[in-house]
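J.: sequence first, predicted coordinates after that:
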Amino acid sequence: MTQIFAYIPHKNGAAEDVALEYPEAAKKIDAGASVTAVVTGSGADLDKVAGDMAKIYSEVIKVDNAALAYPNAEVVRKALTAILPANAIVLVAHDTFGMDLAPGLSVKLDSAYAADAIDFEGVDGDALKLVRQELGGAVSTHVTTDISAGAVITIRPGAFAPVDGGSASGTITDKSGDAGDLAAKRTFIEVVEAEVGDVDITKSDVLVSIGRGIEDEDNIEIAQELADAMGAVVSCSRPIVDAKWLEKSRQVGTSGQTVKPKVYMAMGISGSFQHMGGVKGNPFIVAVNKNPKAPIFQVADVGIVEDILDFMPELQEAIEDL
Amino acid sequence: MEILVCVKRVPDTAENEFELNSDGNDLDRDDLVYSVNEWDNYAVEEAIQIVDKVGGSVTVVTVGDDEAEEVLRREMAMGANNGVLLADDAFEGSDGKGIATILKAEIEKGSYDLILTGAQADEGAGQVGGMLAAMLDYPYASLVNKIEVDGDAKIKVGREIEGGNQEMNEIELPCVLSIQTGINEPRYVGIRGIRKVAKVEIPEKDAGALGIDASAVGEAGAKTKRVDYFVPDMGDGAEMLEGSTDEIIEQLIEKLKAKGGL
């Protein structure tokens, strides 16, 4: 029987949503697999999360150590390498912590590695088949990974259907004593909170959101004028902030703000999952992009294949004439 | 500070519309435009800025074929001092661990204080930096969006984490960092810059020169393999508005009114 371990990320005593998504991912790998939740941390927060996980998972392993109070990937990797059995299949969320932890973990466990799975298509012999995306979501691929000596696999948060919170009474096993030496060459100092900008994009019902299609800093004015006509606010995708054309507080996405507007106008935005991960609350999404193959058209409600630099002024004018 | 930056030649997502080939199992690569991986430009820029401040040199390395040499030259035109091309038929089909194994062999032949990679490349896995660090037993930080060099033994790095927050860490040298976009503004490279480095000798090393067991890398050593590319069934997707621009706008305005957008 395949033994799968799910690493549970948590903050302030609450597990991240992906904790409810691992069981579905595990089932798609092997319907008969036993799934064990692994929680590392310290003190009351850890106990709270381990208790919550025991309602969902029949087996929970906890590792309690002051060095694990903040999730430092190097320390967590050492603890996991010490407590996991040989040939384990380990699931990790493909988030900023998972990306820090998982590749090195696969080296230390001497197992296979596959990143950012969005679906699994079962095991054939030693080969686990999974689905992932490349080139910013422009193409999908099937990948096989040889799990005979174990594997570390990151899964995309939100890609697998969550299970209910549950009321099972799983067993919590304390493996704190097995974690070994947790000294690390990297030390956590502090979290610097994001700066608050002049405009709060999270408060607006309508967002005119711009991406690479805006092409030039001077063209942002075009989007601002459309937004003014609509009573909306201008937000953006990551490349606009990287180019320093708008401040970070205007960025929608997993590495920016999470927004819940009624209407989301995606203007020249390709629609990567990191960007769409910041769009919540099921808004009405309008996508305008000159590339008919842009991934945004898969998630939008309404799609228009046009150059935003031509389209936005015309839309603005039509709205002003209403 | 001696800095090595690992770079990759990739299909340019801004310049291409990706199509499958006639067999439907690979990209149609005939007309693809390639360039240096976007994240790598930020890594090279950061390396140059560090060396400008504290001295040392920047070396760029890639695992690839002869065509990959052009990305090394581009990064040297930015200001990297040296380039190294790691090329061998035996490297074909390497998975992330294969690439990390090849890079590790080159790193052990030098004496680097800092090794940078892009946070991710075309495959979107973001794996090579973390693997390389673990193989070398160096500390690692991913998604780095700030580097403060204030000593020879340790540096401070900021990592981009969820919600636009930044996690500050102290990390011992030597270390491996994967660099996130936005950490700096990569300098522009003009034709003149490229011309200046056009004749610079770029050493090429194969598996033998690196002392790599060919069965540990390439297709033979890969545990993770791409089977095919495909276009997923997207369900309904967006309702595409068609017609003249005026007609499209008219339809759109009706919908926006109904959904609270106007």
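T.: Happy to help now that I have it.

J.: what about the helices in the stretch 51-200 of chain B?
T.: Using DSSP state H, counting those that start in this stretch, the helices of the stretch 51-200 of chain B run over B:69-78, B:96-109, B:128-136, B:191-196.

J.: state the mean pLDDT of the last one.
T.: So that's helix B:191-196. Across helix B:191-196, the average pLDDT comes to 91.

J.: picking up where we left off before, got a markdown table for the helices of the stretch 51-200 of chain B, with distance to chain A and mean neighbour count too?
T.: Placement of C-beta: from N, CA and C, glycine included. Shown next, in a markdown table, are the helices of the stretch 51-200 of chain B (distance: least, CB to the nearest CB, whole Å; neighbours: other CB atoms under 10 Å in any protein chain shown):
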| stretch | distance to chain A | mean neighbour count |
| --- | --- | --- |
| helix B:69-78 | 17 | 22 |
| helix B:96-109 | 6 | 22 |
| helix B:128-136 | 3 | 27 |
| helix B:191-196 | 21 | 12 |
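
J.: mind putting the ones you listed into CSV with distance to A:V288?
T.: Shown next, in CSV, are those (distance: least, CB to CB, whole Å):
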stretch, distance to A:V288
helix B:69-78, 33
helix B:96-109, 36
helix B:128-136, 36
helix B:191-196, 34
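
J.: so which of the ones you listed comes closest to B:V63?
T.: For those, proximity to B:V63 was assessed by CB to CB; helix B:96-109 is nearest, at 5.1 Å.

J.: name the residues that touch the closest one?
T.: Residues outside helix B:96-109 that contact it (CB atoms under 8 Å, 6 or more residues apart in numbering or on different chains) are A:103, A:106-107, A:113, A:115, B:4, B:6, B:61, B:63, B:84, B:86, B:91, B:94, B:115, B:125, B:127-128, B:131-132, B:135-136, B:205, B:210-212, B:216-218, B:221-224.

J.: confidence score at B:Q127?
T.: Listed pLDDT for B:Q127 reads 98.

J.: what is the burial count for it?
T.: Using other CB atoms under 10 Å in any protein chain shown, B:Q127 is surrounded by 32 other residues.

J.: then A:V139?
T.: 21.

J.: A:D310 now?
T.: So A:D310, with other CB under 10 Å, has 13 neighbours.

J.: show me where pLDDT drops low in the stretch 1-150 of chain B?
T.: Along the stretch 1-150 of chain B, the model assigns pLDDT under 70 to no residue.

J.: what does it put close to chain A?
T.: By the rule CB under 8 Å from any CB of the partner chain, the part of the stretch 1-150 of chain B lying against chain A is B:11, B:13-14, B:17-18, B:20, B:27, B:95-97, B:100, B:119, B:122-131, B:133-135, B:138-143.

J.: helices of the stretch 201-322 of chain A, start to end?
T.: A:220-230, A:238-242, A:273-276, A:296-299, A:308-320.

J.: in terms of secondary structure, what does the last one contact?
T.: It refers to helix A:308-320. When contacts are defined as 3 or more CB pairs under 8 Å, 6 or more residues apart in numbering or on different chains; DSSP states H and E, helix A:308-320 packs onto helix A:220-230, strand A:284-288, helix B:245-259.

J.: buried residues, the longest one. List them.
T.: Residues B:248-249, B:251-253, B:255-256, B:259 are the ones in helix B:245-259 that count as buried (16 or more other CB atoms under 10 Å in any protein chain shown).

J.: can you show me the CA trace of it as CSV?
T.: The C-alpha trace of helix B:245-259 is given here as CSV (Å, rounded to 0.1, in the frame of the first residue of the first chain):
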residue,chain,number,x,y,z
THR,B,245,-15.7,46.9,-32.1
ASP,B,246,-18.9,48.9,-31.8
GLU,B,247,-21.0,45.8,-31.6
ILE,B,248,-18.7,44.2,-29.1
ILE,B,249,-18.8,47.3,-26.9
GLU,B,250,-22.6,47.4,-27.1
GLN,B,251,-22.9,43.8,-25.9
LEU,B,252,-20.3,44.4,-23.2
ILE,B,253,-22.0,47.4,-21.8
GLU,B,254,-25.3,45.5,-21.5
LYS,B,255,-23.5,42.8,-19.6
LEU,B,256,-21.6,45.2,-17.4
LYS,B,257,-24.9,47.0,-16.5
ALA,B,258,-26.4,43.6,-15.5
LYS,B,259,-23.5,42.6,-13.4
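
J.: helices or strands next to it in the packing?
T.: Where contact means 3+ CB pairs under 8 Å, 6+ apart, helix B:245-259 is packed against strand A:284-288, strand A:302-304, helix A:308-320.

J.: helices or strands up against the shortest one?
T.: Read it as strand A:302-304. Applying 3+ CB pairs under 8 Å, 6+ apart, one finds that strand A:302-304 contacts strand A:284-288, strand B:239-240, helix B:245-259.

J.: the same query, at a cut-off of 10 Å, please.
T.: Using 3 or more CB pairs under 10 Å, 6 or more residues apart in numbering or on different chains; DSSP states H and E, the elements in contact with strand A:302-304 are strand A:263-267, strand A:284-288, helix A:296-299, strand B:239-240, helix B:245-259.
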